[in-house]
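S.K.: Quick one: sequence plus predicted model below, questions after.
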Amino acid sequence: MAQKRSKRYEAAAKLVDKTKVYSWSEAVKILKQVPPTKADQTIDLAFKLGVDPKQSDQMVRGTVALPAGSGKNVRVLVFAKGAAAEAAKAAGAEFVGFEDLIKKVTEGFQDFDVAVATPEAMGEVRKLGRVLGPRGLMPNPKTGTVTDDVAKAIKECKAGRVEFKLDKAANLHVPCGKFSFPAEAIEANGRAVIEAIVRSRPPAAKGRFIETVTLSSTFSPGIRIDIGPFLTS
């Protein structure tokens, strides 16, 4: 039995030609015409990549700074001690500590969005792999979350830095703002995301790297994007 869609979704679906691939500006314009919901929906870019996720040399992972911010209040937890811990508190981290915080997370504490750690702290923080790993919260040098400059990492996370990581089906989903953002802000954020993914092509990748890119909000149909201009710019 076919899934029954809401009237709002049906109205949104009429705006999108499923057989067409849209320019980035056209796609954002169409998305902004979708009937809004009471909640401020997240805008998402979905990528299907032409790589083999099983090969470690074809992994795609990194971060990108959203020029217009993420529209989200990012709660940062920092594993550090001494001067680094004081710097983290001054930079606005919600949770700062070391042994006490490791114990708290081990016992199930999850009320944070990003975890940052100093290199010194990672010896103990690595033991949290089973807890933080499944949630994608394990600090990692490649994403800038293992660093001695914790203040910089905190400011970047709160300003709108988002992480991306390839899943087992060679897909990437990257948030690029909120539905309430003006079209210009969504365009700028999305452009930054697409350009970051294009730059992240692994040297071992062969053939077409980005197969499809789709723009959507939480409750909207997907809008296919023409990736061509981003590959030649």
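M.R.: Perfect, I can see it now. Residues are numbered from 1 along each chain as shown.
S.K.: How about S217, nearest residue that isn't a chain neighbour?
M.R.: Q41 (4.1 Å; Cβ to Cβ, 6 or more residues apart in numbering). The C-beta positions use only the backbone N, C-alpha and C, and glycine is treated the same way.
S.K.: tell me the contacts of D40?
M.R.: By Cβ atoms under 8 Å, 6 or more residues apart in numbering, the contact list for D40 reads G71, K178, F179, S180.
S.K.: what is the rounded mean pLDDT of the helix of greatest length in the chain?
M.R.: With secondary structure taken from DSSP state H, the chain has its longest helix at helix 183-199. Regarding helix 183-199, the rounded mean pLDDT is 95.
S.K.: Quick check: next helix or strand after it?
M.R.: Towards the C-terminus, the helix or strand next in line after helix 183-199, according to DSSP states H and E, is strand 210-217.
S.K.: Direction included, what does whichever helix or strand comes after that following strand pair up with?
M.R.: With elements assigned by DSSP H and E, the helix or strand that comes after strand 210-217 is strand 223-224. When pairing is defined by DSSP bridges, strand 223-224 lines up against strand 210-217 (antiparallel).
S.K.: pull the CA atoms of the partner strand into CSV?
M.R.: Provided in CSV are the C-alpha atoms of strand 210-217 (Å, rounded to 0.1, in the frame of the first residue of the first chain):
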residue,chain,number,x,y,z
ILE,A,210,29.8,12.9,-7.6
GLU,A,211,26.9,11.0,-9.1
THR,A,212,23.9,13.0,-7.8
VAL,A,213,23.2,15.9,-5.5
THR,A,214,19.8,16.5,-4.0
LEU,A,215,18.5,19.5,-2.0
SER,A,216,15.6,19.1,0.4
SER,A,217,14.2,20.3,3.7
